[in-house]
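1. I would like the atomic coordinates for the input below:
(one chain, ligands or ions: 2)
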Amino acid sequence: MSPFRFDNTYTRLPRLFYSKQGAAAAPAPKLVLLNHALARDLGLDFSGMDDAALAALFSGNALPEGAEPFAQAYAGHQFGGFSLLGDGRALVLGEHLVPDGRRVDIQFKGSGPTRYSRSGDGRAALGPMLREYVISEAMHALGIPTTRSLAVVGTGQAVYRERPLPGAVLTRVAASHLRVGTFQYAAAQGDPALVAQLVEYALDRHYPHLKNEANRGLALLKAVGERQIALVTEWLRVGFIHGVMNTDNVTISGETIDYGPCAFMDAHDPTTVFSSIDHQGRYAFGNQPRIMLWNLARFAEALLPLIDEDGDKAVELATAELHALADTFEAGWLAMMGRKLGLSGSEPDDRALCDDLLSWMTEARVDHTNTFRALAVDGMPAGAAFAEPAFAAWQARWHARLDRQSGDRAAAFEGMRLANPAYIPRNHQVEAALAAGTAGDLAPLHRLLEVLADPCTERAGLEDYAQPAVPDGRAYQTFCGT
Ligand code: AMP
Ligand code: MG
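-> Numbering: from 1, shown residues only. Ligands and ions are numbered 1, 2, ... in the order given. Alright, predicted model coming up:
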C-alpha cells in the first residue's frame, strides 16, 4: 500500500543523469512535522497511518510501493566557479501524480550519502530542515512559486557539524528538480544529443505548449527566463534574499528551491547579505536580478548547440533573447512596484517615483515590510523617519500620482495590502521557534506557521510577529550545507 501514485519518468533518461540509491536506515525515526494542508492538496491520504508508520515512511525506512529512489546528477556554477555536482544528500522517492493532473517530485533531503556526496556526509540537521519547512511554507502563503515541505522526521542519529546535532530528513515537494545545472551537466558531456533529450523532457514536463516551436532551444530559454524573472521579481517584492543563487539552485519550473542561507531583510538595503560565506555580496538583495540574468546566460550557453548548428548564429540568437529578457525584467519590476504602491496605468515618472522611495528607505534605514505595509494601510507611516522633509516630498508626489488615476484611494490601498504583507518570517522569530523546536517544544513553531499562513491579513495580538529584531550589534548570519 502506498499513499502515493508514483509514475517515474526521470529514470527513462539516459543512465548518466541519475543514480539509483536507497536511503540510509534511520535508527529511531520520529515524526516532527506533517503538512496536512499540503497532503490534502496533493491527494495524499495518511489517515490510516499512525505516527510510527509515518516516521518510517518519511525517514526512508519503509519504502512505499512504486518508489524507486534515485539521486540526480547535475553541475553548477557555485559563486561563479563551475563544478560537476549531484544530489549529495537528497533522493527523489518518485514522481507523484496529483488527482488534478499535476506531476510532482517527492524528495528526501538528508537521507544519507549518494554517489554525488563528495566529502559530505549526506545528512541534514533538524534545525535547518525545520527552517526550510517554515520559510518555504511562508513563501507559498505569500503567493511565490516554491518547493513545498511535506514532512520532517528526526532520524535518531547525530550529525556532526561544529558539534553533534540531531539528524533529520525533510520531505520536499517540487514541480521537478530540473535545474539550469542539469542542462550544464548534459552540455558538459560533449554530446548535443543529450542536451536535446533533456530539452524534450523539460518541454514535456513544464512547457508542453512549446513542443511544436521551430526552435525549441530558444523557446525553452525564453520560457525559463520569463519564469525566473517572475520569480526573482516576487522575491524583491517581499524582501527575500535567496543567498545561494548558484546555477544548480535555479529551477526550470520557476520555483524557489534550496532554502539554505536565505533570509528576509528588515531595514531596506540592496547590499544586504546574510550568508556567512558570501563575502563579496554576490548574492546580495539588490544583486539578485543581475545574477538571475547571469544564470540565464549560463543556461543559454548549455543550449547553444540546439539553438543553431552555426555557432555564431546560435550566440547571436541567444544574446538577442537575453537582451529581450533583461527588458522583460525591467517592465515586470515596474509592474510589481506599481502593485506595491497602488498605481494603475503608467506614467513616465513612475520609475523615478519607485527609485526615489527605495533610495530614501535605504538611507533612512526603515523596515522594508513595515514601510510598505504602512503605506498600504492609510498612506501615512508613523515614526520619526517619516517626519523628514525628504519623505514628505516623496509622499506628496505619490499622493498626486494616486489622485490622477481613476478609482478611489481606498481601492488602491486595498490592492496594496495584497502586495505588501504584514507578516514575513522575521529572523529572530524563526530562530526562537527553531531553538524551541529542536529542544522538543513545537508550540512556537506551529504558532509561527499559523501566523505566516495568512501574511496579508493583519490580526490583533500578532504585533510581535510584525516587528524587526531589536539590533543587538551582531548581524544575523545564515549558513550553506547545514
Ligand atoms: P547547495 O548549495 O545546498 O545547493 O549544495 C550544493 C551541493 O552540495 C549539492 O550538490 C548538495 O547535494 C551538496 N551537499 C550539501 N550538503 C551536503 C552534505 N551534508 N552531504 C553531501 N552533499 C551535500
Ligand atoms: Mg542545491
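
2. Which residue ranges of the stretch 351-482 of the chain form helices?
-> 368-378, 389-404, 409-419, 427-438, 443-452 (DSSP state H, counting those that start in this stretch).

3. Residues in contact with the first one: which ones?
-> Okay, so that is helix 368-378. With contact meaning C-beta atoms under 8 Å, 6 or more residues apart in numbering, helix 368-378 is reached by 238-239, 264-268, 340-342, 361, 380-382, 413, 416-417, 419-422, 424, 458, 466, 468. (Glycine included, C-beta is placed from N, CA and C.)

4. among those residues, which ones are buried?
-> For these, a neighbour count by 16 or more other C-beta atoms under 10 Å gives the buried set as 238-239, 264-268, 340-342, 361, 381, 413, 416-417, 419-422, 424, 466, 468.

5. So for ligand 1, which of the helices of the stretch 351-482 of the chain sits nearest?
-> Closest approach to ligand 1 among these is made by helix 427-438 (17.4 Å; C-beta to the nearest ligand atom).

6. tell me, how many neighbours does residue 354 end up with?
-> Neighbour count for residue 354, taken as other C-beta atoms under 10 Å: 19.

7. Check the one 5 residues further on too.
-> Neighbour count for residue 359, taken as other C-beta under 10 Å: 14.

8. That one and residue 275, how far apart?
-> 25 Å (C-beta to C-beta, to the nearest Å).

9. does the helix or strand encompassing residue 149 come close to ligand 1?
-> According to DSSP states H and E, residue 149 maps onto strand 148-160. No: shown here: strand 148-160 not in contact with ligand 1 (C-beta under 6 Å from any ligand atom), separated by at least 7.8 Å.

10. Can you check what angle separates the helix or strand following that strand from helix 427-438?
-> For strand 148-160, the following helix or strand on the C-terminal side (DSSP H and E) is strand 164-174. Here strand 164-174 points in a direction 110 degrees away from that of helix 427-438 (axes from the mean of the first three to the mean of the last three C-alpha atoms, to 10 degrees).

11. name the helices or strands packed onto the helix or strand that strand 164-174 is followed by?
-> Counting by DSSP H and E, the next helix or strand C-terminal to strand 164-174 is helix 180-188. In terms of contacts (3 or more C-beta pairs under 8 Å, 6 or more residues apart in numbering; DSSP states H and E), helix 180-188 is packed against strand 70-78, strand 81-86, helix 192-206, helix 288-307.

12. what mean pLDDT would you report for helix 180-188?
-> Across helix 180-188, pLDDT averages out at 98.

13. could I have it exported to CSV, CA atoms only?
-> Presented in CSV, the C-alpha positions along helix 180-188 are these (Å, rounded to 0.1, in the frame of the first residue of the first chain):
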residue,chain,number,x,y,z
VAL,A,180,20.0,25.1,-15.1
GLY,A,181,22.8,22.9,-13.7
THR,A,182,21.1,19.8,-15.1
PHE,A,183,21.5,21.3,-18.6
GLN,A,184,25.1,22.3,-17.9
TYR,A,185,25.8,18.7,-16.8
ALA,A,186,24.3,17.4,-20.1
ALA,A,187,26.3,20.0,-22.1
ALA,A,188,29.5,19.1,-20.3
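
14. Report the distance from that helix to the chain centre.
-> Offset of helix 180-188 from its chain centre (C-alpha atoms, centre = their mean, to the nearest Å): 20 Å.

15. which helices and strands does the strand or helix carrying residue 137 pack with?
-> Taking DSSP H and E as the criterion, residue 137 maps to helix 126-141. If you count contacts as 3+ C-beta pairs under 8 Å, 6+ apart, helix 126-141 packs onto strand 30-34, strand 148-160, strand 164-174, helix 427-438, helix 443-452.

16. related to what we said a few turns ago, just say which of the helices and strands packed on helix 180-188 is most tucked in.
-> strand 70-78 (a mean of 23; mean count of other C-beta atoms under 10 Å).
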